[in-house]
Structure formats: structure tokens, C-alpha cells
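Asks: Sequence first, then the predicted structure:
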Amino acid sequence: MHRKIKEAAVRLWGKRRGDAGMVTSEYAMGIIAAVGFALLLYEVVTSGQVRAELQDIVKKALSARM
């Protein structure tokens with residue numbers, strides 16, 4: 001009985017090991033997507049109108065009385 005369980009576990013483990021490369025490619029695609037999103041966000045934040053609005057918000061916050 002134990003031998004059959006062991007054989008089944010070995011077969012399942014062998015099938016599981018075949019997907020080892022997919023994890024690396026998934027991480028790579030995630031990193032590429034994150035970098036693309038970061039670049040897009042950087043472009044939006046550094047655009048003229050958004051930059052002026054952010055500077056205005058910071059100026060108001062710094063000049064507020066407590």
C-alpha cells in the first residue's frame with residue numbers, strides 16, 4: 001500500500017516540476033508591466049498641468065496656519 005502511494009507521489013511530483021520555468025516568466029512579465037505603469041505615472045505626474053497642481057497643493061499645505 002505504501003509503495004503505491006509513493007509511486008503516485010513521485011508521478012505527481014514529476015508533473016509538478018515541469019512548470020518550474022513558468023514562474024520566472026510570470027515574474028518577468030509582472031516586472032515589465034510594473035515598469036510600464038511606473039513610466040506612464042511618471043509622465044503624467046511630470047506633465048505641466050499636473051506638476052503645477054501638485055506644487056499648488058504643497059504651497060497651500062506649507063502656508064497653512066496651525
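Replies: Great, that's in hand. Numbering: from 1, shown residues only.
Asks: Kindly list the longest helix within the chain.
Replies: In the chain, with assignment by DSSP state H, the single longest helix is helix 20-45.
Asks: what comes up buried for the following helix or strand past that helix?
Replies: Counting by DSSP states H and E, the next helix or strand C-terminal to helix 20-45 is helix 48-63. Applying a neighbour-count criterion of 16 or more other C-beta atoms under 10 Å, one finds nothing buried in helix 48-63. Yep, even glycine has a C-beta here, placed from its N, CA and C like the rest.
Asks: Please save the CA atoms from helix 48-63 in CSV.
Replies: C-alpha atoms of helix 48-63 as CSV (Å, rounded to 0.1, in the frame of the first residue of the first chain):
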residue,chain,number,x,y,z
GLY,A,48,3.0,70.7,-16.9
GLN,A,49,-0.6,70.9,-15.6
VAL,A,50,-0.3,68.1,-13.0
ARG,A,51,3.0,69.5,-11.8
ALA,A,52,1.5,73.0,-11.3
GLU,A,53,-1.4,71.5,-9.4
LEU,A,54,0.9,69.5,-7.2
GLN,A,55,3.1,72.5,-6.5
ASP,A,56,-0.1,74.5,-5.6
ILE,A,57,-1.2,71.8,-3.2
VAL,A,58,2.2,71.7,-1.5
LYS,A,59,2.3,75.5,-1.2
LYS,A,60,-1.1,75.6,0.4
ALA,A,61,-0.1,72.9,2.8
LEU,A,62,3.1,74.6,3.8
SER,A,63,1.4,78.0,4.2
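Asks: Against residue 38, how distant is residue 25?
Replies: 20 Å (C-beta to C-beta, to the nearest Å).
Asks: about what we covered before: same for the longest helix of the chain, what does it pack against?
Replies: helix 48-63 (3 or more C-beta pairs under 8 Å, 6 or more residues apart in numbering; DSSP states H and E).
Asks: Pull the distance from the helix it packs on to the chain's centre.
Replies: Averaged C-alpha coordinates place helix 48-63 at 29 Å from its chain's average position (C-alpha atoms, centre = their mean, to the nearest Å).
Asks: any idea of the angle it forms with helix 20-45?
Replies: With axes from the mean of the first three to the mean of the last three C-alpha atoms, to 10 degrees applied, the angle from helix 48-63 to helix 20-45 works out at 80 degrees.
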